[in-house]
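Trainee: Okay, sequence plus prediction incoming.
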Number of protein chains: 2
Amino acid sequence: MSLKAYGRKGMARAGLTPQRLTRAGAELADEVGFDHVTVSALARRFDVKVASLYSHLRNSHDLKTRIALLALEELADRAADALAGRAGKDALTALADVYRDYAREHPGRYAATQFRLDPATAAASAGVRHAQMTRAILRGYDLTEPDQTHAVRLLGSVFHGYVSLEMGGGFSHSAPDTQQTWSRTMDALDALLRNWPEP
Amino acid sequence: MSLKAYGRKGMARAGLTPQRLTRAGAELADEVGFDHVTVSALARRFDVKVASLYSHLRNSHDLKTRIALLALEELADRAADALAGRAGKDALTALADVYRDYAREHPGRYAATQFRLDPATAAASAGVRHAQMTRAILRGYDLTEPDQTHAVRLLGSVFHGYVSLEMGGGFSHSAPDTQQTWSRTMDALDALLRNWPEP
DNA sequence: ACATTTTCCTAATAGGTTTAGGCAAATTCC
DNA sequence: GGAATTTGCCTAAACCTATTAGGAAAATGT
């Protein structure tokens, strides 16, 4: 017999697991926005009573944390993929595009990556992979160790800041179009890294 | 008689106005975080029943919009102040510091500036002053018109991205300290604007 | 002093979160 | 294959927040 009951009217189990709920939560986030993700809405989606979810999730915060971790993983996977075999400006734009594209395809998940994780969770998350990959790109440029860290932070700021402003409509309806700005921003960052200033 | 009743137990009015509520809402945001700002919490703070606020505020979204507008105003005022009499890199760092300091002093209000406003409200907000001031700084550098727009967006991205990551703990507990990075970032942006690359 | 307006209140509805305790389905063990 | 046990989902309930409708008292105007 199939795991899935018809409309869940005649009993039978729904097959809830933390993973399944997290995945569905991520989809829900993309549909309605990360901060409209609610335990109740998720229960509705599984045609199950709200209380049932609490055997699989500690609470609402736990759900959001799991979605955030999922998104960070996905994003790091995409980044790793995109960086394979690339270096220099090529790698830089590839990474930047990963962020931008992910945010466009999965706005809710992208918002989830900004969910504030407690330090322990953050340290164990894919967030660290992101930092490592950005660092890897910088090996194609000639920076001293402390400046490499500064550059990692700067790149992170630009990518996140840009994507976040663009998603929030910050640049909307003003010419020139944002694709232009994006590609000129890549030019600018590449030039900056090749010509990193002395203090 | 004073406007303010003791504990509001024996009637007498509380003196609610949209402005007062907005201001208190902003303080509340700084204390508990912008997305924990709630009509109920605000009512509690005025020792008044929740429903009473609905004569002064359309709804929760309205409250948040007002707080966002307040924060944008404050921020633009600070920026205008900081820019007076400055140019070039001096102006650049002054503006950047305004953002960073404001976010540190008023995290809730700063978060409010990211609240998504509908296009009409946004157009009438102090947000446009921000863009103009950034543009003003760029007049100290030698950029063609389209590149000026790109640069405005880039600066906005860096400022917002940096502040937002720093507030979210993104850079925490890693050496070197963030003040270093901040000042090197200013060096980098100044160098970039002076040496803006061809396409 | 009286009529009007304003401001706050009570009452009610509707959702979201979370816990406690129950019964039936699935799994495990003879 | 049936009994014992575990697991999964449900009911019920308490407690938040948001929002609307309608009432009563305070402030204001004439």
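Mentor: On my side now, so go ahead.
Trainee: Report whether the helix or strand where A:Tyr110 lies contacts DNA strand C.
Mentor: In the assignment (DSSP states H and E), A:Tyr110 maps to helix A:107-112. No. Applying Cβ under 7 Å from any atom of the strand, one finds helix A:107-112 out of contact with DNA strand C, separated by at least 14.7 Å. C-beta here means a position set from N, CA and C on the backbone, and glycine is covered the same way.
Trainee: same deal with stretch A:39-48?
Mentor: Yes. For stretch A:39-48, a contact with DNA strand C is found by Cβ under 7 Å from any atom of the strand, at A:39-41.
Trainee: Which residue ranges of chain A form helices?
Mentor: Taking DSSP state H as the test, the helices found in chain A are A:18-32, A:39-45, A:60-83, A:88-105, A:107-112, A:119-123, A:127-138, A:145-167, A:178-194.
Trainee: helices or strands up against the second one?
Mentor: Spelled out, that is helix A:39-45. helix A:18-32, helix A:60-83 (3 or more Cβ pairs under 8 Å, 6 or more residues apart in numbering or on different chains; DSSP states H and E).
Trainee: want to throw those into CSV with distance to B:Asp118 and mean pLDDT?
Mentor: Shown next, in CSV, are those (distance: least, Cβ to Cβ, whole Å; pLDDT from 0 to 100):
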stretch, distance to B:Asp118, mean pLDDT
helix A:18-32, 18, 98
helix A:60-83, 26, 98
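Trainee: Select, out of the ones you listed, the one closest to B:Arg66.
Mentor: Among these, helix A:18-32 comes nearest to B:Arg66, with 24.4 Å by Cβ to Cβ.
Trainee: how close does A:His160 get to B:Asp77?
Mentor: Using Cβ to Cβ, to the nearest Å, we find A:His160 at a distance of 26 Å from B:Asp77.
Trainee: interface residues of chain A facing DNA strand C?
Mentor: A:11-13, A:38-41, A:50-51, A:54, A:59-61.
Trainee: one more time with 10 Å, if that's ok
Mentor: A:1-3, A:5, A:10-13, A:15, A:36-44, A:49-55, A:57-64 (Cβ under 10 Å from any atom of the strand).
Trainee: List only buried entries from those.
Mentor: Listed as buried from the residues of chain A next to DNA strand C are A:37-39, A:42-43, A:53, A:57, A:63-64; burial here means 16 or more other Cβ atoms under 10 Å in any protein chain shown.
Trainee: Pick the one among those residues closest to chain B.
Mentor: Chain B has its nearest neighbour among these in A:Lys64, at 11.8 Å by Cβ to the nearest Cβ.
Trainee: Isn't the closest one up against A:Ala111?
Mentor: No. Using Cβ atoms under 8 Å, A:Lys64 makes no contact with A:Ala111, being 10.2 Å away.
Trainee: what touches both of these two?
Mentor: Both A:Lys64 and A:Ala111 are contacted by A:Phe34, under the criterion Cβ atoms under 8 Å, 6 or more residues apart in numbering or on different chains.
Trainee: which regions of chain A sit below the pLDDT cut-off?
Mentor: A:1-11, A:173, A:175 (pLDDT under 70).
Trainee: Most proximal residue of it with respect to chain B?
Mentor: A:Gly161 (2.4 Å).
Trainee: tell me the contacts of that residue?
Mentor: B:156-162, B:164.
Trainee: Briefly note if stretch A:16-30 comes near chain B.
Mentor: No. Using Cβ under 8 Å from any Cβ of the partner chain, stretch A:16-30 never reaches chain B; the gap is at least 15.2 Å.
Trainee: which parts of that stretch are buried?
Mentor: Quick answer for stretch A:16-30 (16+ other Cβ under 10 Å): A:16, A:21-22, A:24-30.
Trainee: Over to stretch A:82-100?
Mentor: Buried-residue list, stretch A:82-100, by 16+ other Cβ under 10 Å: A:82-83, A:89, A:91-100.
Trainee: could you dump these to JSON lines with distance to DNA strand D?
Mentor: Formatted as JSON lines, these follow (distance: Cβ to the nearest atom of the strand, whole Å):
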{"residue": "A:Ala82", "distance to DNA strand D": "37"}
{"residue": "A:Leu83", "distance to DNA strand D": "39"}
{"residue": "A:Lys89", "distance to DNA strand D": "47"}
{"residue": "A:Ala91", "distance to DNA strand D": "44"}
{"residue": "A:Leu92", "distance to DNA strand D": "43"}
{"residue": "A:Thr93", "distance to DNA strand D": "42"}
{"residue": "A:Ala94", "distance to DNA strand D": "41"}
{"residue": "A:Leu95", "distance to DNA strand D": "39"}
{"residue": "A:Ala96", "distance to DNA strand D": "37"}
{"residue": "A:Asp97", "distance to DNA strand D": "38"}
{"residue": "A:Val98", "distance to DNA strand D": "35"}
{"residue": "A:Tyr99", "distance to DNA strand D": "32"}
{"residue": "A:Arg100", "distance to DNA strand D": "33"}
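Trainee: Which one of those residues is nearest to A:Thr144?
Mentor: A:Leu92 (18.7 Å).
Trainee: Could you double-check that the closest one sits in contact with A:Asp190?
Mentor: Yes. Between A:Leu92 and A:Asp190 there is a contact under Cβ under 8 Å: 5.9 Å.
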